[in-house]
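Novice: any chance you could fold what I've pasted below:
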Amino acid sequence: MADALLRRLLLVCLCLNAAVCAMAQRPVVERLGDWLPEGVELHSTMQGMALYGRYAVTLRDGGQCLILDLKKNCCVGSYYLDKNTTHCNNASFTSKETYKGSPFPLLYVSSCYGDKACLVTQLGFDTSILVQKIFFDSDRFRIAQDWCADADNGFLYAFGGKRGGTMYLLKFLLPSTDKAEVHLTESDILETTPINCVSVAQGSKIKGGYAYLPDGNRPGGYYLHIIELGTGREVRTIDLNPLGMEPEGIDIRGRWIYVSFHTPNPKDNCIYRFRR
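Specialist: Numbering: from 1, shown residues only. Take a look at the predicted model:
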């Protein structure tokens, strides 16, 4: 009797565990090519991504912007960003409010290489306007640098460092948009968070006192690290290796973390979501 009851309890636990695992990750866009209208071609690699309402704004190396309707499962906008031919490594909205009649808030885009600027952009469905460029005047990040906005609290973070070594999240006040060009310096840093678990920085997201940092560009090294701001303590790691794809952009909606993935064939690009 006891053995039978134990077996039943074990079976229930296994079923519950299977259900939890099934909910842990879900494809949002299984194949980007299936969402594209006739005549729209994908150029270069999938990079930054940001969510607003029913839409996912996805960027590609070189400045191509695709706007995806996650309810209708289709692409509703495709164009090149104004004055932006950069790597577009990360993208983040800084408000829940739309900007000056645009259907979206301002989008903060990381150029990543070159001048490492943050390109503040007003988005539409068929065009965009470059509103501001933000620079960090320092040699701290000599190769690549990421920018990420904390939309809930009005801060802007710069993220970068040595591959395979210590990286840093630097916290700044979010500059006002009354100047076309802003230069931040070391004296503007409010807080520094050391990051020791990221090998190859991809996108970044700041939410609720934590940084969500996709990692890796080769098989066996794909992870999502969740870091406590200020201390740099890693509170959770999501292993992305079973998906077998390179993580790129990231955003959060409610209880879900959304991650976009690069694939050898651009039409196979996809977006998955994971439980927070």
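Novice: test my guess that residue 213 contacts residue 201.
Specialist: Yes - counting by CB atoms under 8 Å, residue 213 does reach residue 201; the two are 6.8 Å apart. All C-beta atoms are positioned from the backbone trio N, CA, C, and that covers glycine.
Novice: so between those two, which is more surrounded?
Specialist: Between residue 213 and residue 201, residue 213 has the larger neighbour count (other CB atoms under 10 Å), namely 27 against 23.
Novice: and the closest residue to that one other than its chain neighbours, bridged to which residues?
Specialist: Using CB to CB, 6 or more residues apart in numbering and skipping the chain neighbours, the partner closest in space to residue 213 is residue 225 (4.7 Å). Note on residue 225: beta-bridge partners residue 213, residue 237, judged by DSSP bridges.
Novice: which residues does residue 225 contact?
Specialist: 195, 197, 198, 211, 212, 213, 215, 234, 236, 237 (CB atoms under 8 Å, 6 or more residues apart in numbering).
Novice: in the sheet, who's paired with the first one?
Specialist: Each beta-bridge partner of residue 195 is listed here: residue 167, as defined by DSSP bridges.
Novice: for residue 201, see how far away it is.
Specialist: 8 Å (CB to CB, to the nearest Å).
Novice: one step back: overlap in contacts of residue 213 and residue 201?
Specialist: residue 159.
Novice: what's around residue 152, how many residues?
Specialist: Quick note: residue 152 (other CB under 10 Å) scores 13 neighbours.
Novice: where does the prediction get shaky in this protein?
Specialist: Under the criterion pLDDT under 70, the flagged ranges of the chain are 1-24.
Novice: which parts of it are helices?
Specialist: 2-24 (DSSP state H).
Novice: list the contacts of stretch 152-165.
Specialist: 94, 108, 116, 118, 134, 136, 140-141, 143-150, 167-175, 184, 190, 195, 199-201, 204, 206-208, 211, 213.
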